[in-house]
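# Curious how this folds, go ahead:
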Amino acid sequence: MPELPEVEVSRLGIAPHIEGQTITQVNVHQPQLRWPVSEQVYALAGNVITQVSRRAKYLLLHCDEGAVILHLGMSGHLRVVDSNTALKKHDHIEFQFANGLSLRLNDSRRFGACLWQPLDSVHSVFQKLGPEPLTTDFDAQWLFARSRNKKQPIKQFIMDNQVVVGVGNIYANESLFKAGIHPKREAGKVSLTRYQKLTPLIKATLAAAIEQGGTTLKDFSQSDGKPGYFAQQLLVYGRKGEPCTSCATTLTEIRLGGRSTVYCKKCQR
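Predicted coordinates for the structure are as follows:
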């Protein structure tokens, strides 16, 4: 599944091509994604895209009457192409613009979404989300306060979107390794001092991934259609059985919440 950095890279990729552009036509080739495509989306011709923003893993195409909410699901990606370019299999939604370009949502597994948020309202998908990890709203005091009396493993705690959005499996593994925190340690037993170390590492890990253009997720494609297969220096994720980069101890893999969790028994306590 595309993680927060991949979604942010997609936002950065499409924004220059569609911001300030007038929608001339919306073509919905497959109305049934994770949820049915919102009816308001069909009638957006004439609206101008004023901004492309992101909240968690959702992209918002802001226009005169509200905002289109896009989610890439498990395998979705966005492409900006000339409007006369032939459709590809699984191109489910197409926004055509006056500049001759089209934004297309391609989603082979159809777990993505295309929803609508009217002006001056907040869609239900956003109502229980925690703070964005790269903002000042997310800090050590926030994590510490939310974690008190929590018996939940710290890895699952920081992956909870009601605690903080967008810390997916890859980035939770990496951040906990850098902070020296065992992924199974109870969140409520992690001290403020350790949260003060962990929080900036989460921010730095996500920021570095965005800068590098995303991680090696084979199903993700950037907005220009090129595969988003970027070499990233992952320290533990996907390295089960390999030596720790700090102490050479063989890295261990366990399952937490059904997700692969790789850590160093010596470095992480």
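
# what about the spatially closest residue to residue 35 that is not a sequence neighbour, how many neighbours?
With CB to CB, 6 or more residues apart in numbering as the criterion, residue 35 has its nearest non-adjacent residue at 5.6 Å, and that residue is residue 113. From N, CA and C alone the C-beta is placed, and that goes for glycine too. Counted by other CB atoms under 10 Å, the residues lying close to residue 113 total 21.

# Could you double-check that residue 113 sits in contact with residue 59?
No: taking CB atoms under 8 Å as the definition, residue 113 is not a contact partner of residue 59, at 10.4 Å.

# who touches both of these two?
69, 70, 71 (CB atoms under 8 Å, 6 or more residues apart in numbering).

# What I need now is those residues written out in a markdown table, including neighbour count, pLDDT and secondary structure for each item.
A markdown table is the format used below for these (neighbours: other CB atoms under 10 Å; pLDDT from 0 to 100; DSSP: H, G, I helix; E, B strand; the rest coil):
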| residue | neighbour count | pLDDT | secondary structure |
| --- | --- | --- | --- |
| 69 | 20 | 98 | strand |
| 70 | 30 | 98 | strand |
| 71 | 22 | 96 | strand |
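
# hey, where'd the strands end up in the stretch 1-150 of the chain?
23-28, 51-55, 58-63, 66-71, 77-82, 91-97, 101-106, 113-118 (DSSP state E, counting those that start in this stretch).

# Of those strands, which is nearest residue 199?
strand 51-55 (20.0 Å; CB to CB).

# elements contacting that closest one?
Of the remaining helices and strands, those touching strand 51-55 by 3 or more CB pairs under 8 Å, 6 or more residues apart in numbering; DSSP states H and E are helix 4-18, strand 58-63.

# returning to that earlier point: need the contact list for the residue nearest to residue 35.
Under the criterion of CB under 8 Å, 6+ apart, the neighbours of residue 113 are 33, 34, 35, 69, 70, 71, 73.

# how much space is there between it and residue 46?
Computed as CB to CB, to the nearest Å, the residue 113 to residue 46 distance reads 23 Å.

# now do residue 191
Going from residue 191 to residue 46 by CB to CB gives 56 Å.

# Residue 108 too?
Taking CB to CB, one finds residue 108 at 31 Å from residue 46.

# same check, this time on residue 168
Taking CB to CB, one finds residue 168 at 37 Å from residue 46.

# Same check on residue 198?
Taking CB to CB as the measure, residue 198 falls 48 Å from residue 46.
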